[in-house]
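J.: got a sequence here, can you build the structure:
(chains A, B, C and D)
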2 protein chains.
Amino acid sequence: MEWEKTLHRKMARELALRILRGEYGPESRLPNEEHLLKEFEVSRTVLREAIKTLQAKGLVSVRQKLGATVRASDQWHLFDEDILRWQSEVTPLGEVLSEMLEIRWMIEPMAAALAAERADPEAVGTLLQCVERMSVERLHTPEGQEADLLFHQTIMKSSGNRFVVAMEPVISRALEILFRVTSINPEASEQAQPYHEQIAESIASQNPESAREAYYQLLQHSAAHKDEFLQILGSSPGLPQDLPEGSGSFRGALPPLLQSKIGG
Amino acid sequence: MEWEKTLHRKMARELALRILRGEYGPESRLPNEEHLLKEFEVSRTVLREAIKTLQAKGLVSVRQKLGATVRASDQWHLFDEDILRWQSEVTPLGEVLSEMLEIRWMIEPMAAALAAERADPEAVGTLLQCVERMSVERLHTPEGQEADLLFHQTIMKSSGNRFVVAMEPVISRALEILFRVTSINPEASEQAQPYHEQIAESIASQNPESAREAYYQLLQHSAAHKDEFLQILGSSPGLPQDLPEGSGSFRGALPPLLQSKIGG
DNA sequence: TTGAGCCAATTGTCGTACTATATATTCTAT
DNA sequence: ATAGAATATATAGTACGACAATTGGCTCAA
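T.: A predicted model of the protein is given here:
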């Protein structure tokens, strides 16, 4: 990555990983400058720039005399690309993946619907090209994955909503993780293809409702493979028994009510 | 704010504002260190820490020999509290508000549904208290506004989804802006009260679907006042004629398809 | 025209000294 | 003994000045 280049980046990364790992618990204080200076053997400039980075990413808050204290994890800027990357270096993938798919469920179908209204011809062209390439390459090749990524990114950019665009790193990250499944199980990409086609065509013909429905189906399909993936990994799949009876026998990508909405 | 305290924060703020205003266009380079040093009359330490902050917020990317170049606006970390605040200092409110309400439309009803499944008793207690306080104070008093804010924050935290929680700054910002309307037009808060009550009760009784529907209604109500607000401000309200016929006569908080889903 | 190698602009790192701020402690007056 | 004010002290914030490292662009030769 671009992150091993300069000293303060290395240091920011290392400190961030420790925080994400929970080595410095929430509300606890980081070692003070003097201590960190000795441990990392860097200049104070480097140290301070590293801390500034962590601060701007919401990981710590710094006050004079108090030092840098780790913020509660719900204050972290989870949409930051770096944090997303570091997170998945540290956390078991399955844990985050479920939540990512919930977000996709909330955002992307709507984004597709908005895109169907607002996408410019160039974006539509890109979408159709992506579908074309996916039909040739399939998702288990790097080219196919690249096309898939571009497909989703283009839709979000075409939504005309800046906040949707700002979520792009999360969705991209989720896709990258899912690619590991499809490269194991190429069959999955075959099945996903028709949904992609329908989404692209719906947007091209400016049919928001159709785009949205097709997207829900794509995500449902994707969720199935998430569970498969989690089982392969052996990590706890869908959160088992300890949820209230009847609610989520799976806490997965498909919130129950919406599932019912799709099912019919 | 906490942002006028230290020098490098002041400086970061000033530079960020310039970028948000578009004074340094996308892909263009910031003045080099020497220049900025003279203009701001600060030490290089301060300058560099300010730049690090901007970098971590996605506003610029820095490389040796090249200097700091402004990133494309779709790379900015829009969920960062500071950027949100700075943004609304610079941009006409109406422009961002519409997009914020779209996001609310995507996130909050689902979050409420998830909360209905996952909220712990303590959170439910908080929600009921908030509703209670809102019924007494109404939204045009600071206490009432505080309760409203806490209400929405609690729901998002109870969704059990970290990414939903990370969007909290956007929703809070949107509410703060909307408060300006309700303080002009107290009648609005009266009308919103029943929706809040229904949401809280639905979550308390673990009824996701009901919570979600009530939330849609609340947002619809809120959207109406957004338009009112925009008209008061005299800024362009809902994006007028130049959208494809039949799609969005308003580009507002209610994406057409979902509106139909609510209407019946 | 192209490629290798040098040059110079610009950021990256370092060390030290001093200042500002907020917590902790002590002291004083009631 | 207690509350409140003065003081001490730990810690981050700011300031210079010097040198190292990177890299885009230029020169020049093949």
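J.: which SS class is the residue nearest to A:Pro186 when sequence neighbours are not counted?
T.: For A:Pro186, ignoring the flanking residues on the chain, the nearest one in space by Cβ to Cβ, 6 or more residues apart in numbering or on different chains is A:His140 at 4.6 Å. Placement of C-beta: from N, CA and C, glycine included. The local conformation at A:His140, judged by DSSP: H, G, I helix; E, B strand; the rest coil, is coil.
J.: just checking, A:His140 touches A:Glu187?
T.: No - between A:His140 and A:Glu187 there is no contact under Cβ atoms under 8 Å: 9.8 Å.
J.: thinking again about what came up before, which residues touch the residue nearest to A:Pro186?
T.: For A:His140, the contact set (Cβ atoms under 8 Å, 6 or more residues apart in numbering or on different chains) comprises A:182-183, A:186, A:189.
J.: distance check, A:Glu102 against chain B.
T.: Remark: distance between A:Glu102 and chain B (Cβ to the nearest Cβ, to the nearest Å) = 5 Å.
J.: now do the phi/psi pair for that residue.
T.: Reported as degrees, to the nearest 10, the phi and psi values for A:Glu102 are phi -60, psi -40.
J.: give me the element the residue of the stretch 151-264 of chain A found nearest DNA strand D is part of.
T.: Closest residue of the stretch 151-264 of chain A to DNA strand D, Cβ to the nearest atom of the strand: A:Pro169 (23.2 Å). A:Pro169 is located in helix A:168-184, with elements delineated by DSSP states H and E.
J.: kindly report the same for A:Ser61.
T.: For A:Ser61, the host element (DSSP H and E) is strand A:60-63.
J.: quick one: buried residues of that strand?
T.: Going by neighbour count (16 or more other Cβ atoms under 10 Å in any protein chain shown), the buried part of strand A:60-63 is A:Val60.
J.: list the contacts of the residue nearest to the spatial centre of chain A.
T.: Here the mean C-alpha position of chain A is nearest to the C-alpha of A:Val170 (Cα atoms, centre = their mean), at a distance of 2.4 Å. Listed by Cβ under 8 Å, 6+ apart, the contact partners of A:Val170 are A:78-79, A:84, A:100, A:103, B:163.
J.: let's see it at 6 Å
T.: A:100, A:103 (Cβ atoms under 6 Å, 6 or more residues apart in numbering or on different chains).
J.: likewise A:Phe179?
T.: By Cβ under 6 Å, 6+ apart, the contact set of A:Phe179 is A:Gln145.
J.: and the pLDDT for it?
T.: We have a pLDDT of 84 for A:Phe179.
J.: do the same with A:Ser28
T.: 89.
J.: ok, now A:Leu127?
T.: Listed pLDDT for A:Leu127 reads 97.
J.: surely A:Asp74 is within a strand?
T.: No - read with three-state DSSP, A:Asp74 is helix and lies in no strand.
J.: that older thread, for PyMOL, write a command that selects the buried ones of the contacts of A:His140.
T.: In PyMOL syntax, the buried subset of these is picked out as below (16+ other Cβ under 10 Å):
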select buried, chain A and resi 182+183+189
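J.: residue boundaries of the helices in the stretch 151-264 of chain A?
T.: Here the stretch 151-264 of chain A has its helices, by DSSP state H, counting those that start in this stretch, at A:162-166, A:168-184, A:187-204, A:208-233, A:256-263.
J.: turn those into a markdown table, including distance to DNA strand C.
T.: Formatted as a markdown table, these follow (distance: least, Cβ to the nearest atom of the strand, whole Å):
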| stretch | distance to DNA strand C |
| --- | --- |
| helix A:162-166 | 24 |
| helix A:168-184 | 22 |
| helix A:187-204 | 40 |
| helix A:208-233 | 36 |
| helix A:256-263 | 45 |
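J.: can you count the residues close to the residue of the stretch 151-264 of chain A closest to DNA strand D?
T.: A count of neighbours around A:Pro169, defined by other Cβ atoms under 10 Å in any protein chain shown, yields 19.
J.: and it, what does it touch?
T.: A:79, A:81, A:84.
J.: can I get the residues you listed in TSV including pLDDT and neighbour count?
T.: Listed next are the contacts of A:Pro169 as TSV, based on pLDDT from 0 to 100; neighbours: other Cβ atoms under 10 Å in any protein chain shown:
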residue	pLDDT	neighbour count
A:Phe79	95	23
A:Glu81	93	17
A:Leu84	94	21
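J.: which one of those is nearest to chain B?
T.: Checking the contacts of A:Pro169 against chain B with Cβ to the nearest Cβ, the nearest one is A:Phe79 at 5.1 Å.
J.: my guess is A:Ala204 contacts A:Val124. True?
T.: Yes - judged on Cβ atoms under 6 Å, A:Ala204 makes contact with A:Val124 at a distance of 5.0 Å.
J.: count of neighbours near whatever residue of the stretch 101-250 of chain A ends up closest to chain B?
T.: Distance from chain B to each residue of the stretch 101-250 of chain A (Cβ to the nearest Cβ) is smallest for A:Ala166, at 4.0 Å. Close neighbours of A:Ala166, defined as other Cβ under 10 Å, add up to 23.
J.: how about it, nearest residue that isn't a chain neighbour?
T.: Setting aside the residues directly before and after it, A:Ala166 is nearest to B:Leu78 in space (Cβ to Cβ, 6+ apart), at 4.0 Å.
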